[in-house]
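Q: I need the structure of the sequence given here:
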Amino acid sequence: MKGMTIMKFKKLLSLAVAGAMILAMSVPAFAFDNNTSNSDTSSGSGSESSEPETVEGGIAYASEIQVPTIDIDVPTTGAVMLNPYRLGFKIGSDDHDEAFYSAPVVATNKSDCKVDVAVSAKASVEGDVVITEVGDVQSTSDPGPKNVHIDLVVNTVTGTDATTVAAQGGKTIAFNAKDTDYGFGTESYDDATPITLNPGNEDANYLGFQLTGTINNNTEEVWASTDKVSVAIVLTFTPQPAKT
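A: So this is what the prediction gives:
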């Protein structure tokens, strides 16, 4: 008898657990309004309600975004030659004697979308050099200070050849003499028609820029190796959405 009692107890416990599981699984499948009790599922006449049972379900979407890759090769250094005495010098195999010389530099766009380019630049000086308006460099025959005027020319170009870049010209960002920090332009060159580079697999995906300038070669003091000009150019690239 003792063994039978234990068996019955185990069987009852098993049924109780199964019933609890069935009840827990069935509850979410019923929808009750605010005026109906969970325990009252019959009509007043004793028959079951004819209202159909409903089950609510749904699906949620989370968006992903496809972003472009900005991949542009930009040279990090360039050379400026101040040559007030018009001495001869070589750039590669080419002979030069310009009073002011800066080699054209080219950035290559390898991005997978069109890219707008905003340009800003600032200059700094060493020694006795003063950057000024172009008309103030030297307008008389009298000796003057060590003045230099610099402009920055930027444009999209069709190739990386330096001669081609220089010949194609572009948009001039003039030195702003009123800016005590030696800034170029107003703030940056990103007006209503910014410089736009095509994707790397299309034409005209090069950005050429070059410094042009004028130097006073009739100064009161002799130019020295300590007289230097440096220009930092900042390029900001913004992906352009495709037009539909």
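Q: any idea how far Asp128 is from Leu82?
A: Separation of Leu82 from Asp128 (CB to CB, to the nearest Å) stands at 12 Å. (C-beta placed from N, C-alpha, C; glycine too.)
Q: ignore the last one, Glu202
A: 48 Å.
Q: Enumerate the positions of stretch 67-77 that are buried.
A: Buried residues in stretch 67-77, counted by 16 or more other CB atoms under 10 Å: Ile72.
Q: Could you pull out the buried residues of stretch 144-158?
A: Buried, per 16+ other CB under 10 Å, within stretch 144-158: 144, 146-157.
Q: Same list, the residues you listed, but as a markdown table with distance to Asn218 and secondary structure please.
A: Putting these into a markdown table (distance: CB to CB, whole Å; DSSP: H, G, I helix; E, B strand; the rest coil) gives the following:
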| residue | distance to Asn218 | secondary structure |
| --- | --- | --- |
| Gly144 | 7 | strand |
| Lys146 | 10 | coil |
| Asn147 | 10 | strand |
| Val148 | 13 | strand |
| His149 | 15 | strand |
| Ile150 | 19 | strand |
| Asp151 | 21 | strand |
| Leu152 | 25 | strand |
| Val153 | 26 | strand |
| Val154 | 31 | strand |
| Asn155 | 32 | strand |
| Thr156 | 38 | strand |
| Val157 | 35 | strand |
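Q: Of the residues you listed, which is the nearest to Ala242?
A: Ala242 has its nearest neighbour among the buried residues of stretch 144-158 in Thr156, at 18.6 Å by CB to CB.
Q: circling back: more neighbours: which of Glu202 and Asp128?
A: Between Glu202 and Asp128, counting by other CB atoms under 10 Å, Asp128 is the more crowded of the two (15 against 10).
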